[in-house]
Structures are given as C-alpha cells and as structure tokens.
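S.K.: Got a sequence here, can you model it:
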Amino acid sequence: MVGEIPFEIGNLTSLTELSLGNNSFNGIVPIENTYLNKLTILLISNNNFEPEIDERIAQISSLKYYELSSPKIKTSKIPQNTIVLE
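M.R.: Numbers count the residues shown, from 1 in each chain. As a prediction, the model looks like this:
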C-alpha cells in the first residue's frame, strides 16, 4: 500500500492491534493517546513515516509491543516497559 494513513484511523477507539508493516506509507502516523487508549500492539516497520512518531507512541500507556524499524524513527522516548519486536 502507498500513501498516507487517513487521520480517521485515530477514531477507532476500540482498536487494540494495528499492523501496517512492509508497505510504502509516508507522512505521520495519526495515533493519539486520547483516542487509541486500547492499542497494545503497533507494527509499522518498513515504511517511510516522519520521526514525530516516537513522541506520539510514548504517550500511549496501553502499548505493550511495537515494531517501528525505519531510518527516520527514533525510539528513545518510548517507555522502557514496552517490548520491541524485531
């Protein structure tokens, strides 16, 4: 898949897992703690997202596992108790 992820995905308040890896998405990932507060798994590696993703992910307290591998993304602000899937 190619392009940007629609901002409306942030309205899926019951979303617990999001797997969008190995595509050609770009731009920002529209995730906000206030709406996706049930999200526990986030798999978005091998895309071309903007680096601001680490700030947003750090705010999701329900997140337990993530996979973000991308040259632009830094994970230094993501909580220590979150497990990185490789």
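
S.K.: Please name the residues that touch the nearest residue to residue 49 once chain neighbours are set aside.
M.R.: In this structure, residue 49 finds its nearest non-sequential neighbour in residue 29, 5.4 Å apart by CB to CB, 6 or more residues apart in numbering. Placement of C-beta: from N, CA and C, glycine included. Taking CB atoms under 8 Å, 6 or more residues apart in numbering as the criterion, residue 29 is in contact with 5, 44, 49, 53, 56.

S.K.: Tell me which of those fall in strands.
M.R.: Cross-referencing the contacts of residue 29 with the strands (criterion: DSSP state E) gives residue 49 as the overlap.

S.K.: Pick out the lowest-pLDDT one from the contacts of residue 29.
M.R.: When the contacts of residue 29 are compared on pLDDT, residue 53 comes out least confident, at 67.

S.K.: need the contact list for residue 4.
M.R.: So residue 4 contacts 25-28 (CB under 8 Å, 6+ apart).

S.K.: Which pLDDT value belongs to it?
M.R.: 90.

S.K.: So what pairs up with it in the strands?
M.R.: When assigned by DSSP bridges, residue 4 has beta-bridge partners residue 26.

S.K.: can I assume residue 10 sits in a strand?
M.R.: No - using DSSP: H, G, I helix; E, B strand; the rest coil, the assignment for residue 10 is helix, not a strand.

S.K.: Would you confirm that it contacts residue 28?
M.R.: No - with contacts counted by CB atoms under 8 Å, residue 10 stays clear of residue 28, the gap being 10.8 Å.
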